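Peer 1: Quick check, what structure comes out for this input:
(one chain, ligands or ions: 1)
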Amino acid sequence: MNIYLIIIVSALLVEFLLNTISGWMDVKNLKTSLPSEFEGFYSRKKYVNSQEYLKVNTRFSIMTSFINLLVLLVVIFIGGFNFVDIYIRSFGFSPLVNGLIFFGILFLLQDILSTPFSVYHTFVIEERFGFNKTTPNTYLVDKLKSYALLLILGGGVLSLVLSLFENMGEYAWLLVWVVLAAFSVILQPLFTAFIAPLFNRFTPLEKGDLRNEITRFAKKVDFPVERIDVMDGSLRSSKANAYFSGIGKKKRIALYDTLIAEHSNKELLAIVAHEIGHYKKGHIIQGIIISIIQTGFMLFMFSLFINNVKLFQAFQMESLSVYGSLMFFSLLYSPLQMGLSIVNNYISRKNEFEADNFARENTGSGKELISGLKKLTVNNLGNLTPHPLTVFLNFSHPPVLERIRTLK
Ligand SMILES: [Zn+2]
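Peer 2: Residues are numbered from 1 along each chain as shown. This next block holds a predicted model:
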């Protein structure tokens, strides 16, 4: 049997098994007694409800990843990628256009497969637990907007990447690296200025105590805020969050309307302080640098596998191509990708503690952040007792009880 096929199939199976085991451990790890920190926050009924929410979501996610795995294995073993490739080649387009159509078709097939699950998740599961605020109309319009964005941004970047690899020879990966690095730097400002407003309305936070407190705090810790906005997160879900954007001198803070509705000004300030902490401790720049380094490594590895005959044989392909190389390499790379994501999650959890600590030091005490975190967790029916394996594999944030205990 083909060595690459063995690596790819085993990696897919291992990843599925690990996630299934970790989900199952989470469910087994549920405690009937409420941790004392959450007394007065989680009512008995709501706590039971949060556990039911975890169980339903775990079952759902195991089922969807099982079906995805099954479909991918069938496609691999019947030589499905080759059928698609032969069909595309029959039109006689250039390799670049073939590549765009190839990924376009794969995306469409994947989207057709996943949409029923996503609809079920939003309109049945989230609805049942009272989170869903999305109307079928919003859902449809969101989808159309995402397609348009993908076509413009994804299509643009993909064309550039494919044509560089087609035409620039041995060192194409270095040029692609520069392109993707530049893209990762402009993506956030692009997101803030153009993409996010396509999906949500941002209105300046009204004048008053909250605005004054945030402005005063930002000045105190020397953080240049250009805008403080309220985002209509309630358009889609009752879950709450806050986020920041902008680099350099133009920072923006966006608070979900659902967050403001549930928290006191002091708690909101503590949450904002945590987010500012990420900037102050250099986590944003660190994240961009790590991602650029990892991208460079991946592109270099990819350059070694372009038009690798054995890799194409694993997928029963009749013709070589750059786009095929890209597709099959991404599957071959997935075990390494999983390892890197575990490392990234570890760094991210460490950063969360640092940002919490920044908030604690600069708001006087950790008390407000603690009660803010508790309310957020309860509002989102968060799991208080995730299994360490799940935390290790998938958590970008530490379990909330760990954060609370560290803040104390
Ligand atoms: Zn954070």
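
Peer 1: Alongside the ion, which residues does the protein contribute?
Peer 2: When proximity is defined as Cβ under 5 Å from the ion, the chain approaches the ion at Glu352, Ala355. C-beta: built from backbone N, CA, C; applies to glycine.

Peer 1: in the chain, which segments are predicted with low confidence?
Peer 2: By pLDDT under 70, the weakly predicted segments of the chain are 244-249.

Peer 1: all strands for the stretch 1-150 of the chain, in order.
Peer 2: Using DSSP state E, counting those that start in this stretch, the stretch 1-150 of the chain contains no strands.

Peer 1: Which residue comes closest to the residue of it found nearest the ion once chain neighbours are left out?
Peer 2: Of all residues in the stretch 1-150 of the chain, the one sitting closest to the ion is Glu37 (19.2 Å; Cβ to the ion). Counting by Cβ to Cβ, 6 or more residues apart in numbering, the nearest residue to Glu37 once its immediate chain neighbours are dropped is Ile404, at 5.5 Å.

Peer 1: In contact with the one you found, which residues?
Peer 2: By Cβ atoms under 8 Å, 6 or more residues apart in numbering, the contact list for Ile404 reads Glu37, Ile370, Leu373, Lys374.

Peer 1: What of Val74?
Peer 2: Here Val74 is in contact with Gly80 (Cβ under 8 Å, 6+ apart).

Peer 1: And Ile101, by the same measure?
Peer 2: Ile88, Phe91, Phe93.

Peer 1: any idea how far Leu158 is from the residue lying closest to the last one once chain neighbours are set aside?
Peer 2: The one in question is Phe93. Nearest in space to Phe93, with sequence neighbours left out and distances taken as Cβ to Cβ, 6+ apart, is Ile101 at 7.2 Å. Per Cβ to Cβ, to the nearest Å, Ile101 is found 11 Å from Leu158.

Peer 1: With Leu113 instead?
Peer 2: Distance from Leu113 to Leu158, by Cβ to Cβ: 21 Å.

Peer 1: Those two: who's more crowded?
Peer 2: Leu158 (18 against 14; other Cβ atoms under 10 Å).

Peer 1: so that one is in which element?
Peer 2: helix 155-167 (DSSP states H and E).

Peer 1: Following the chain onward from that helix, which element is next?
Peer 2: Helix 155-167 is succeeded, C-terminally, by helix 172-190 (DSSP H and E).

Peer 1: Return the alpha-carbon coordinates of that following helix using PDB.
Peer 2: Backbone C-alpha positions of helix 172-190 (Å, rounded to 0.1, in the frame of the first residue of the first chain) are rendered in PDB as follows:
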ATOM      1  CA  ALA A 172       7.900  30.200  -5.500                       C
ATOM      2  CA  TRP A 173       7.200  29.200  -1.900                       C
ATOM      3  CA  LEU A 174       9.200  32.200  -0.700                       C
ATOM      4  CA  LEU A 175       7.100  34.600  -2.800                       C
ATOM      5  CA  VAL A 176       3.900  32.900  -1.700                       C
ATOM      6  CA  TRP A 177       5.100  33.300   1.900                       C
ATOM      7  CA  VAL A 178       5.500  37.000   1.400                       C
ATOM      8  CA  VAL A 179       2.000  37.300  -0.100                       C
ATOM      9  CA  LEU A 180       0.400  35.300   2.700                       C
ATOM     10  CA  ALA A 181       2.300  37.100   5.400                       C
ATOM     11  CA  ALA A 182       1.200  40.400   3.900                       C
ATOM     12  CA  PHE A 183      -2.400  39.100   3.700                       C
ATOM     13  CA  SER A 184      -2.400  38.000   7.400                       C
ATOM     14  CA  VAL A 185      -1.200  41.500   8.400                       C
ATOM     15  CA  ILE A 186      -3.900  43.400   6.400                       C
ATOM     16  CA  LEU A 187      -6.600  40.800   7.200                       C
ATOM     17  CA  GLN A 188      -7.600  42.300  10.600                       C
ATOM     18  CA  PRO A 189      -7.900  45.900   9.500                       C
ATOM     19  CA  LEU A 190      -9.700  44.600   6.400                       C
END
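
Peer 1: residues of it that come out buried?
Peer 2: Ala172, Trp173, Leu175, Val176, Trp177, Leu180, Ala181, Phe183, Gln188 (16 or more other Cβ atoms under 10 Å).

Peer 1: Enumerate every residue touching the second one.
Peer 2: Pointing back at Trp173 there. Here Trp173 is in contact with Phe165, Leu299, Phe300, Phe302, Ser303 (Cβ under 8 Å, 6+ apart).

Peer 1: Would you tell me which one of those comes nearest to the ion?
Peer 2: Leu299 (29.2 Å).

Peer 1: follow-up on the earlier one: which parts of the helix holding Leu158 are buried?
Peer 2: For helix 155-167, by 16+ other Cβ under 10 Å, it's Leu158, Leu160, Val161, Leu162, Ser163, Leu164, Phe165, Glu166.

Peer 1: Skipping adjacent residues, who's closest to the fourth one in space?
Peer 2: Put plainly, it is Leu162. Using Cβ to Cβ, 6+ apart, the nearest residue to Leu162 is Gly99, at 4.5 Å.

Peer 1: That neighbour: neighbour count?
Peer 2: 26.

Peer 1: what's the answer for Phe358, then?
Peer 2: 20.

Peer 1: go on, Phe297?
Peer 2: 14.

Peer 1: got it, and Glu226?
Peer 2: Residues near Glu226, counting by other Cβ under 10 Å: 10.

Peer 1: Likewise for Tyr87?
Peer 2: 12.

Peer 1: Next up, the contacts around Lys375.
Peer 2: So Lys375 contacts Phe41, Glu262, His263, Glu267 (Cβ under 8 Å, 6+ apart).

Peer 1: at 6 Å instead, please
Peer 2: Lys375 makes contact with Glu262, His263 under the criterion Cβ atoms under 6 Å, 6 or more residues apart in numbering.

Peer 1: May I see the buried residues of the lengthiest helix in the chain?
Peer 2: Determined from DSSP state H, the single longest helix within the chain is helix 44-77. Within helix 44-77, the residues scored as buried using 16+ other Cβ under 10 Å are 47, 50-51, 53-54, 57-58, 60, 64, 68, 72, 75-76.

Peer 1: from those, which is closest to Ala218?
Peer 2: Ala218 lies nearest to Ser50 out of the buried residues of helix 44-77, by Cβ to Cβ, at 33.9 Å.
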